[in-house]
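S.K.: Return a 3D structure for these sequence lines:
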Amino acid sequence: MGNCLPISISPSVSVSVDQAVCRSWNCVAGEARYFCQLKQNLRAFETEAERLTEQRDDVNRRVLLAKEQLMEPLKKVEGWLERVEKEIEEVEQIRGNAPAQINNLCLGGCFSTSCCSGYKVGEKIVQKTRDVANLRTEGDFPDVAERRPAAPVDVRPSEPTVGLESTFDKVWTCLTDEGSNIIGLYGMGGVGKTTLLIQINNELQQRRNNFDIVIWATVSKNHTVEKVQDEIGRRIGCSDQIWKKKSCDEKAIDILARQGNDSKLIFTTRSLDVCGQMEANKKIMVDCLAPEKAWELLQIKVGEETLDSHPQIRGLAKEVAEECKGLPLDLITIGRAMSSKKTLEQWEYARRMLRRSVAYHVLPGMRKEVYPLLKFSYDSSPDDKLKSCFLYCALFPEDFLIRKCELIDYWIAEGFLDEYNSICDRNEGHNIICTLLGLCLLEEVDVEQVKMHDVIRDVALWIASEIGKEKYVVETSAQLTEEPEIENWGMIKRLSLMNNEIRNLRGAPNCPGLQTLFLESNYLQSMRIGEDFFQNMVSLIVLNLSDNLCLTDVPVGISNLVSLQCLNISRTLIIELPMELSSLSKLKCLNLDRTVYLKTIPEKLMYSFPRLQVLRMVNTGYLTIREMEGNISFSGVECLECLKYLNALTITICCDSALEGFLSSPHLQGCTEGLYIDQPEYDSLFLLKTLFLPPMKRLQYLSLELTSLEEVKIQWEKEGREIQTLYDFQTSMIASERNFNNLWTVNIQMEDGVAAMTADLILFEKLQNLILSSLPELKSIHRFALSFPCLVAIRIDGCPKLRKIPLSCNSAKGRGIIIRGEQQWWNELEWEDESARDTFLPFFQIY
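M.R.: Here you go, the predicted structure:
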């Protein structure tokens, strides 16, 4: 007993009896556990299976959310989901077989009446439990998708449309048709051709396609081939310097060389003949809306509240929709004009006027039906002031980007608005712009600029020139080299010759009634402007000579314009303002922005402008100071004190004496709208480390170009490297280039150092653009999320240590705030929670 009895198996192999018995028993016991532990194994198996199902649902949800954000699921994630589906199918089969095997258990669950099948099921349950657990481990993905590669597309602003679906599908089919390389969309003005093309453009960002790049180019009525080629060249990555030196033919060869066989050209035009001239192999007519779609669009624009305000208004509104003949532009403009009309009499009058306009056959072609309809929106306004401001916008060229601030300056000088004696008057100008935008008579480009739809512009010119009381002559972008031949100068009230090639202004036109003269963007030279040219313009109120890059001297004859109230010589090469301008004693607005070579303004000249209310001096004399060729002889801020009625000032300060004078003048601080502080290398501003700024309630633009600056304090209370504001800082833009290199924190500090934000306090309530550039030490803007009720866009570049921005899901309040920055910076941003990141992700743009 107890001794081992060797059993010989072969001359070289032997085992003990004890080992053999143990191994045999372990084998039997191991197989028996598939019976004995079947119930426990099944419960563990089902638990793992349920967890896998939950994990699969979570991953599917994340994938769906990523797809909505135009991201591409990772291949390993898709493969895992496929394997999980197969595994779950097998799990269900096992679950179906398990109850029968449990019923076959006997002897306390230690054996089965069906040993073979019971063993197989039990073994499979144990194995599948391991497989499911392994799958769960594999499915722990930090990321389930990546940004989808798409054709580089400049996404354009758009609104939901009605009735364009079938035409959209036709165009999209052409994009995939090999035989349709040139596609022409034609139709009458205002029918929705551009809107349709914007939809196509934006959809190319959403859907998979075979295009490498999508280029949008605007071709105006008086376009030049060079401008269109330059826009295409910019988008396909041609060098500007090389590109400018090439001829049109050479540029065309470059463009065609980059064009593959699968390239497509889509263009819009009002003429079918143009489609033929462009050799379009697919011509698609964009027609007016069908009656039911026209009615649907009008209902949207008028609103249910107005339509239900009287039992008969809905019926009258249908008749109004019929009178619009399905033209979307008419339906939109008239719908918005009628959205506030809630009496039966107003709608009956509208129907009667529209019917009369349709029958008013005074215009050939499009004018017969379109212009009277669009004129209704103009006629429906009882405000003559609004009408005058609207017509004035037609003086600018087609597709021209009109600066809001300059437009309001002109309106004030023309007398459209109240006397310019308070900020309320300027606010009235902004209110009129908002009204015109709401009526679709203007289109907003961005925070600073608007433009006029070409059809609306044509209507405005028709009203002003042919049926209105005022005589407008507009010859813009017409490639004129001298003033046009006009039969009766005496009848003209407003003349616009913008965007031409005029070099000479000779003679002395007899135009005593002329009030407005726009000569912007020409090739005017002082020596080629006759001294007598302005002699008979005794009523001239507004003179615009801006963007004449050959103009180095103020034309002598301007001193004869004793009625002049607005003089715009911005963006010219004028070197000095002559003392002869002192005769312009009625001047209210003087625009000297970006007259970079201006270095002489006689000190006494400013005393000659006692009524001056608007003065714009951004980057005035900048290059002169920068290159140390001498300082501006007009020291600036001291003499500005004499302008008692000044209430709109934009200025660049480039020396410490001027800054000191500005900071000691409450009058100038109170009327400053734009403050730009820059430094020449030889001035002590170059060494400025701390800047104290007073509260400026009207400040809209602030730019600081001080590379040594470490500290900016506004109403500051305590020490620290931070910007502190203790009041509503009503800025529209903060622009920083190469600034605050040593700044650690931009901190909007609450009064008494309170960290918590009060519910009713809104900092930066007018902030629309926030630009933070080249701030290598910037780490924080604010430790809490802030509300930005007007914020449109944020741009962050050169701020590698900025890991948090003060935004949460509630910051945008349903609006999309565009965030521009580097991809790596975005990836490393820290958010309050994942939902905040998801909120702003669709609006992130790589800068």
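S.K.: wait, residue 573 sits on residue 546?
M.R.: No - Residue 573 is beyond contact range of residue 546, at 11.7 Å (criterion: CB atoms under 8 Å). No exception for glycine: its C-beta is placed from N, CA and C like everyone else's.
S.K.: which residues of the stretch 101-250 of the chain score low on pLDDT?
M.R.: 101-122, 147-151, 221-222, 237, 239-242 (pLDDT under 70).
S.K.: where exactly do the helices run in it?
M.R.: Counting by DSSP state H, counting those that start in this stretch, residue ranges of the helices within the stretch 101-250 of the chain are 115-138, 165-176, 193-206, 225-235, 240-245, 248-257.
S.K.: tell me the most buried of those?
M.R.: Mean neighbour count (mean count of other CB atoms under 10 Å) peaks for helix 193-206 among the helices of the stretch 101-250 of the chain, with a mean of 18.
S.K.: Who are the packing partners of that one?
M.R.: helix 165-176, strand 182-186, strand 265-269 (3 or more CB pairs under 8 Å, 6 or more residues apart in numbering; DSSP states H and E).
S.K.: Redo these as a markdown table? Include distance to residue 613.
M.R.: Formatted as a markdown table, the helices and strands packed on helix 193-206 follow (distance: least, CB to CB, whole Å):
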| stretch | distance to residue 613 |
| --- | --- |
| helix 165-176 | 50 |
| strand 182-186 | 47 |
| strand 265-269 | 43 |
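S.K.: right, and these - which one's nearest residue 315?
M.R.: Closest of the helices and strands packed on helix 193-206 to residue 315 is helix 165-176, at 27.5 Å (criterion: CB to CB).
S.K.: C-alpha coordinates for that closest one, CSV please?
M.R.: The C-alpha coordinates for helix 165-176 follow below in CSV (Å, rounded to 0.1, in the frame of the first residue of the first chain):
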residue,chain,number,x,y,z
GLU,A,165,-37.0,69.5,-55.3
SER,A,166,-37.6,68.1,-58.8
THR,A,167,-35.3,70.6,-60.5
PHE,A,168,-32.6,69.8,-57.9
ASP,A,169,-32.9,66.1,-58.7
LYS,A,170,-32.5,66.9,-62.4
VAL,A,171,-29.3,68.8,-61.8
TRP,A,172,-27.9,66.2,-59.4
THR,A,173,-28.6,63.5,-62.0
CYS,A,174,-26.6,65.5,-64.5
LEU,A,175,-23.7,65.6,-62.1
THR,A,176,-23.4,61.8,-62.3
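S.K.: what's the angle from it to helix 193-206?
M.R.: 60 degrees (axes from the mean of the first three to the mean of the last three CA atoms, to 10 degrees).
S.K.: Distance from helix 165-176 to the middle of the chain?
M.R.: Distance of helix 165-176 from its chain centroid, counting by CA atoms, centre = their mean, to the nearest Å, is 27 Å.
S.K.: Counting by contacts, list what it packs against.
M.R.: strand 182-186, helix 193-206, strand 282-285.
S.K.: try it again with 7 Å
M.R.: When contacts are defined as 3 or more CB pairs under 7 Å, 6 or more residues apart in numbering; DSSP states H and E, helix 165-176 sits against helix 193-206, strand 282-285.
S.K.: Of the ones you listed, which is nearest residue 354?
M.R.: helix 193-206 (22.9 Å).
S.K.: Okay, angle between the closest one and strand 182-186 too, please.
M.R.: Going by the same axes, to 10 degrees, helix 193-206 is angled at 140 degrees with respect to strand 182-186.
S.K.: contacts for helix 193-206?
M.R.: Residues external to helix 193-206 that are found in contact with it (CB atoms under 7 Å, 6 or more residues apart in numbering): 70, 150-151, 153, 155-156, 158, 161, 164, 167-168, 171, 185, 187, 211, 214, 216, 266, 268, 286.
S.K.: Make a ChimeraX selection of whichever of those residues turn out to be buried.
M.R.: Only the buried entries of those go into this ChimeraX selection, using 16 or more other CB atoms under 10 Å:
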select :150,153,161,164,167,171,185,187,211,214,266,268,286
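S.K.: Now list whatever residues contact both of residue 573 and residue 546.
M.R.: Residues touching both residue 573 and residue 546 (CB under 7 Å, 6+ apart): there are none.
S.K.: out of these two, which sits in the busier spot?
M.R.: residue 546 (22 against 14; other CB atoms under 10 Å).
S.K.: Quick one: residues contacting the more buried one.
M.R.: 520, 568, 569, 570, 571, 572.
S.K.: Mind doing that once more with 10 Å?
M.R.: By CB atoms under 10 Å, 6 or more residues apart in numbering, the contact list for residue 546 reads 406, 498, 518-521, 567-572, 591, 593-595.
S.K.: what are the phi and psi values for it?
M.R.: The phi/psi pair for residue 546 (degrees, to the nearest 10) reads phi -70, psi 160.
S.K.: Can you tell me which of the helices and strands packed on helix 165-176 is nearest to residue 302?
M.R.: Closest among the helices and strands packed on helix 165-176, using CB to CB: helix 193-206, at 19.4 Å.
S.K.: Convert that closest one to CSV, retaining C-alpha atoms only.
M.R.: Provided in CSV are the C-alpha atoms of helix 193-206 (Å, rounded to 0.1, in the frame of the first residue of the first chain):
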residue,chain,number,x,y,z
LYS,A,193,-31.6,79.9,-60.0
THR,A,194,-28.9,81.1,-57.6
THR,A,195,-30.7,79.5,-54.6
LEU,A,196,-30.8,76.2,-56.5
LEU,A,197,-27.1,76.4,-57.3
ILE,A,198,-26.3,77.2,-53.6
GLN,A,199,-28.2,74.0,-52.7
ILE,A,200,-26.2,72.0,-55.2
ASN,A,201,-23.0,73.6,-53.9
ASN,A,202,-23.7,72.8,-50.3
GLU,A,203,-25.0,69.3,-51.0
LEU,A,204,-21.6,68.5,-52.5
GLN,A,205,-20.2,68.9,-49.0
GLN,A,206,-22.8,66.5,-47.7
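S.K.: got the angle for it vs strand 265-269?
M.R.: Using the same axes, to 10 degrees: helix 193-206 against strand 265-269 is 160 degrees.
S.K.: returning to what we had before: relative to residue 530, which of the helices of the stretch 101-250 of the chain is closest?
M.R.: Going by CB to CB, the one of the helices of the stretch 101-250 of the chain nearest residue 530 is helix 225-235, 31.0 Å.
S.K.: What lies in contact with the closest one?
M.R.: For helix 225-235, the surrounding residues in contact (CB under 10 Å, 6+ apart) are 152, 154, 213-220, 224, 238-240, 242-244, 246-248, 250-252, 254-255, 258-259.
S.K.: before we move on, back to that, looking at the contacts of residue 546, which are in helices?
M.R.: residue 406 (DSSP state H).
S.K.: Among the contacts of residue 546, which one sits closest to residue 306?
M.R.: Closest approach to residue 306 among the contacts of residue 546 (CB to CB): residue 406, at 35.6 Å.
S.K.: Identify the residues contacting that closest one.
M.R.: Shown in contact with residue 406 (CB under 10 Å, 6+ apart): 448-449, 520, 544, 546, 566, 568, 570, 589, 591, 593, 614, 616.
S.K.: go on, residue 254?
M.R.: Going by CB under 10 Å, 6+ apart, residue 254 touches 229, 232, 233, 236, 238, 242, 243, 246.
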